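# Provided below are the primary sequence and the corresponding predicted coordinates.
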Amino acid sequence: MDDQTELAPAVRSILSAARNRATEGRSGEVAVEPRDLRAAFDRAEADGRVPLIAEVKPTSPTTEGTREDDPVALAQGMVAGGAAALSVLTEPAHFGGSTDTLERVREAVDVPVLRKDFLVAESQLDAVESDVVLLIARFVGDDLPDLLTAARDRGFQVLVEVHDRDELEHALDAGATIIGVNNRDLAELVVDLGTFESVAPHVPDDVTLIAESGIGSPADVRRMRAAGADALLVGSAIMDGDVEANTRELVRAEADDESDTRDTTETPT
Ligand SMILES: O=P(O)(O)OC[C@@H](O)[C@@H](O)c1c[nH]c2ccccc12
């Protein structure tokens, strides 16, 4: 968008790389038969698991080092740990992602897979099939309604990411039905879980609402759920260490709530 000067340098670089990739894509439009994201959340909920999208993110501008493990094995660990859905970075230059990784992951699991990238042009939608694509309100600006339509015409479900109330209104006006509130500020790259808490009350009930970024503990999960999150998107906290155990700990955050409370309030006798 026009106000790029407000963005962190890393984000500006990501965006200009994305614009240069704008002509990528295979010949012709993809036609996706998507795995239903909401149904996946409902299944998790019915099963006593917090609906969670676990993100395969080899690295990022705010992460040190790169995780070199096989992304397919990581993805399978996340599903084994109870993730309702997965997110796979396809941005190559700053997040270590690729469309090939997404294809391999989607083939190996049966949960819905979100393509996490910085899409700014319709042609980029045809680079790879996924069940859900991300559109970041701040980056697509006035093109949001057209890109939303173009994505839906191809069969994609669309997650529209916002960071404040103005962007939320813009997303709702464009007809978004799945909205993510990113707790990470793209100008400073700092995380504040209060962002979700301030935007969530203004989201209509029939919208599927996802809390994104900065969720690191079962307490954070409960905090975002208490603020109205239908589901959570978690990357770094899961990628750091044993992905299966990390996922399980977060999806059980509500089931374990009572014992957690008891543990912390227990006084030795
Ligand atoms: O690693 P975290 O703090 O759990 O965050 C995951 C996810 O929300 C984050 O990777 C993200 C949110 N929106 C994005 C847009 C592009 C790239 C990455 C993102």
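Done, it's in. Since this is a predicted model, take the numbers as computed values, not measurements. Numbers count the residues shown, from 1 in each chain.
# count of neighbours near the residue of the stretch 101-250 of the chain found nearest the ligand?
The minimum distance from the stretch 101-250 of the chain to the ligand, using CB to the nearest ligand atom, falls at G235 (2.9 Å). For glycine as for every other residue, the C-beta is placed from the backbone atoms N, C-alpha and C. By the measure other CB atoms under 10 Å, the count of residues near G235 is 22.
# Within the helices and strands, which one has the nearest residue to it once chain neighbours are set aside?
Closest residue to G235 apart from its sequence neighbours, by CB to CB, 6 or more residues apart in numbering: E55 at 3.6 Å. Element membership for E55, per DSSP states H and E: strand 52-56.
# Kindly report the same for E167.
helix 165-173.
# Quickly run through the sheet partners of the very next helix or strand once past that helix, with directions.
Moving toward the C-terminus from helix 165-173, the first helix or strand encountered (DSSP H and E) is strand 178-182. If you go by DSSP bridges, strand 178-182 pairs up with strand 157-162 (parallel), strand 208-212 (parallel).
# Now strand 178-182: average pLDDT?
Strand 178-182 shows an average pLDDT of 98 in the prediction.
# how about the strands in the stretch 51-200 of the chain?
52-56, 85-89, 113-116, 132-136, 157-162, 178-182 (DSSP state E, counting those that start in this stretch).
# Is any residue of the shortest one near the ligand?
This means strand 113-116. Yes. Counting by CB under 6 Å from any ligand atom, the ligand is contacted by strand 113-116 at K116.
# With just CA atoms, put that strand into CSV.
Extracted in CSV, the C-alpha atoms of strand 113-116 (Å, rounded to 0.1, in the frame of the first residue of the first chain):
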residue,chain,number,x,y,z
VAL,A,113,-3.9,-26.5,4.9
LEU,A,114,-3.5,-22.8,4.8
ARG,A,115,-1.1,-21.2,2.3
LYS,A,116,0.8,-18.5,4.3
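# mind checking how far A31 is from the ligand?
A31 sits at a distance of 25 Å from the ligand (criterion: CB to the nearest ligand atom, to the nearest Å).
# Tell me if I'm right that that residue and R152 touch.
No. Using CB atoms under 8 Å, A31 and R152 do not qualify as a contacting pair, with a distance of 11.9 Å.
# Show me what from this structure comes close to the ligand.
Proximity of the chain to the ligand (CB under 6 Å from any ligand atom) is limited to residues 55, 57, 116, 136, 161, 182, 212-215, 233-237.
# element containing the residue nearest the centre of the chain?
The geometric centre of the chain, computed from its C-alpha atoms, lies nearest to L233 (CA atoms, centre = their mean), at 4.7 Å. Assigned by DSSP H and E, L233 belongs to strand 231-234.
# counting contacts, what elements does whichever helix or strand comes after that strand pack onto?
For strand 231-234, the following helix or strand on the C-terminal side (DSSP H and E) is helix 236-239. If you count contacts as 3 or more CB pairs under 8 Å, 6 or more residues apart in numbering; DSSP states H and E, helix 236-239 packs onto strand 52-56, helix 243-251.
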